[in-house]
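Participant: pasted the sequence and its predicted model underneath.
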Amino acid sequence: MHDVLDDRDLVPDEAEQRATSGYQVGSLVEEARTAARADDRPRLAEIETELAATPRDPGWRYHEPGADELETLLPAPTPAAPGQVVDLADRLYGAWLGRCVANTMGKPVEGLTAAEVETYLRAAGAWPQQGFVPLLDELPAGVSHLHESAPIASVGRFSSIPRDDDLDWTLVGLHLLETYGDAVTTEDIAREWLNLLPFTQTFTAERAAYRNLVGGLHPPETATWRNPYREWIGALIRADAFGYAHPGDPGRAARLALTDARLSHVANGIYGETWAAGLVAGAFTTRHPLEALAAGRSCVPDGSRLAEVLDGVTALATDEASYEDARAWLREHTGQYNWVHTINNAGIIAVALLWGEGDFVTTVARSVAAGLDTDSNAATVGSVFGALYGSAAIPADLRAVGGERLTSAVQGFDGIALAELAERSLRLAMRPRPGGENA
């Protein structure tokens, strides 16, 4: 895990972030890694100062607007829709089920490469993946580790859905909307983070923002001060509750996601959350992943790196490219990013949904097989799948293992039933919207 209190992580990660964002960092990435390995704190401090002064490449071809400009580019909210969504209650239940089950399917192998995932699952007799990951007594050659959660998230190791930050954040989003409604502010969100979540149960950009809040900073500075994780996947995984509360209304869901994301992220980190919120919201009014992905894409600014990757994946699907070709294209076009960056993982989510063959296990398994942030990607894929097809699409045997109850670090939510979460989301979704009636 990256330690936001340790310069040996922060400075190399900042060098990598600037390098992949078009800044002319020269040899500073390798110099930072070398200084970190040598525990050379004075040199790391010098490199951090040098990084801050690096210019952006004049040939940088992307336009990636800030939060204020992005708000003007998002789709207009839909005046009224939730009462018109077919089987909304069941689809919300399916979304919660899908998110929780799929997250657990990806959890033990989080952080592994695609090759390592396949090596491990083959050794466990579970390739292609058909459910939760088995735990082997000895790791096969080529796999150096599993995620630290493996002993509590593998087959036969849990009786309720294991705690995970991807699931905690969905609960936080539900709480925010129940407490403040759509009028929630970024300052409200900051206050609730400190009230609801232990610091040690946050990671990367969220932990940096949390540290910054405790240090007296306010949004949007919380997203930028010593936060090299500001374009990583942390905001994307916080989006689903906003889509649940606004089915069929990607614009309104994305605006809430923007309010949330700006606490900890910038640029593609923010776009990842607006995209995921729009994707989830759009999934409730279609049975076709391509249409849901189009709703999400409408919440990402043209000219951004995330838009480029999402458009590339969609073009491959339109051209009827094979699943293998789609994976190869994604590796080629996103291989420069850290394994928990937004852009590469969003591409994995899109590929899994488009090449999942309309089957929950196949779709989730393809998100896991791609490696990287396997639990986060699987959670979003499962959430969208449940919103698209309803609770019956989630296999009964997988649902039963976790007892449809969720373990959580969020204050007031530990042990909660997924049926209750779905009911509470339905109440939010059915609230009257400005400019129309929900009937």
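Facilitator: It's in.

Participant: not counting residues beside it along the chain, what's closest to G22?
Facilitator: What sits nearest to G22 in space, not counting adjacent residues and going by C-beta to C-beta, 6 or more residues apart in numbering, is W60, at 3.9 Å. Quick note: C-beta positions are derived from backbone N, CA and C, even for glycine.

Participant: show me where the stretch 201-350 of the chain has its helices.
Facilitator: Taking DSSP state H, counting those that start in this stretch as the criterion, the stretch 201-350 of the chain contains helices spanning 204-214, 221-224, 240-245, 250-261, 267-283, 289-297, 305-318, 323-334, 342-354.

Participant: ignore the last one, the stretch 51-200 of the chain
Facilitator: Under DSSP H, counting those that start in this stretch, the stretch 51-200 of the chain gives helices at 67-73, 88-106, 114-123, 150-153, 165-180, 186-196.

Participant: right, and those - which one's nearest N338?
Facilitator: helix 114-123 (15.3 Å; C-beta to C-beta).

Participant: one step back: out of the helices of the stretch 51-200 of the chain, which is the most enclosed?
Facilitator: helix 88-106 (a mean of 28; mean count of other C-beta atoms under 10 Å).

Participant: now do that helix and helix 165-180, the angle between them.
Facilitator: For helix 88-106 against helix 165-180, the angle by axes from the mean of the first three to the mean of the last three C-alpha atoms, to 10 degrees is 150 degrees.

Participant: any idea of the mean pLDDT for helix 88-106?
Facilitator: Averaging pLDDT along helix 88-106 yields 98.

Participant: also stretch 221-232?
Facilitator: 98.

Participant: check stretch 163-172 too.
Facilitator: 98.

Participant: got a list of contacts for that stretch?
Facilitator: For stretch 163-172, the external contacting residues (C-beta atoms under 8 Å, 6 or more residues apart in numbering) are 99-100, 103-104, 107, 149, 153, 161, 192-193, 196-197, 201-203, 206, 237-238, 240-241, 375-376, 379, 406-410, 413, 416, 421.

Participant: run the last query once more with 7 Å
Facilitator: 99-100, 103, 107, 192, 196-197, 201-203, 237-238, 240-241, 375-376, 379, 406-410, 413 (C-beta atoms under 7 Å, 6 or more residues apart in numbering).

Participant: quick one on the thing from earlier: just put the helices of the stretch 201-350 of the chain in a markdown table and tack on mean neighbour count and distance to A392.
Facilitator: Converted to a markdown table, the helices of the stretch 201-350 of the chain look like this (neighbours: other C-beta atoms under 10 Å; distance: least, C-beta to C-beta, whole Å):
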| stretch | mean neighbour count | distance to A392 |
| --- | --- | --- |
| helix 204-214 | 23 | 34 |
| helix 221-224 | 20 | 40 |
| helix 240-245 | 32 | 18 |
| helix 250-261 | 28 | 24 |
| helix 267-283 | 32 | 16 |
| helix 289-297 | 22 | 17 |
| helix 305-318 | 19 | 25 |
| helix 323-334 | 16 | 25 |
| helix 342-354 | 27 | 18 |
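
Participant: any chance of these in CSV, with distance to D188 too?
Facilitator: Listed next are those as CSV, based on distance: least, C-beta to C-beta, whole Å:
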stretch, distance to D188
helix 204-214, 13
helix 221-224, 14
helix 240-245, 14
helix 250-261, 9
helix 267-283, 16
helix 289-297, 25
helix 305-318, 27
helix 323-334, 34
helix 342-354, 24
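
Participant: to A53, which of those lies closest?
Facilitator: Closest to A53 of those is helix 221-224 (C-beta to C-beta; 15.6 Å).

Participant: who touches the closest one?
Facilitator: 190, 209, 212-213, 230, 262-266.

Participant: try it again with 8 Å
Facilitator: 190, 205, 209, 212-213, 230, 262-266, 269.

Participant: need the residues you listed in JSON lines with distance to G390, can you?
Facilitator: Putting those into JSON lines (distance: C-beta to C-beta, whole Å) gives the following:
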{"residue": "A190", "distance to G390": "35"}
{"residue": "A205", "distance to G390": "33"}
{"residue": "A209", "distance to G390": "35"}
{"residue": "N212", "distance to G390": "41"}
{"residue": "L213", "distance to G390": "39"}
{"residue": "R230", "distance to G390": "36"}
{"residue": "R262", "distance to G390": "33"}
{"residue": "L263", "distance to G390": "33"}
{"residue": "S264", "distance to G390": "32"}
{"residue": "H265", "distance to G390": "32"}
{"residue": "V266", "distance to G390": "36"}
{"residue": "G269", "distance to G390": "31"}
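
Participant: looking at these, which is nearest D359?
Facilitator: G269 (31.2 Å).

Participant: which ones are touching that closest one?
Facilitator: Contacts of G269 (C-beta under 8 Å, 6+ apart): 205, 223, 229-232, 234-236, 261, 342.

Participant: again, 10 Å this time
Facilitator: For G269, the contacting residues are 205, 223, 227, 229-236, 261-262, 306, 341-343, by C-beta atoms under 10 Å, 6 or more residues apart in numbering.

Participant: could I get the contacting residues of the residue nearest to the spatial centre of the chain?
Facilitator: With distances taken as C-alpha atoms, centre = their mean, I237 lies nearest the centre of the chain, 2.9 Å away. For I237, the contact set (C-beta under 10 Å, 6+ apart) comprises 99, 103, 164-170, 203, 206, 272-273, 276, 342, 345, 373, 375-377, 379-380.

Participant: what do you get for T286?
Facilitator: Counting by C-beta under 10 Å, 6+ apart, T286 has contacts 248, 292-295, 387-388.

Participant: closest one to P42 out of those residues, please.
Facilitator: The closest of those, once distances to P42 are taken by C-beta to C-beta, is L293, at 48.0 Å.
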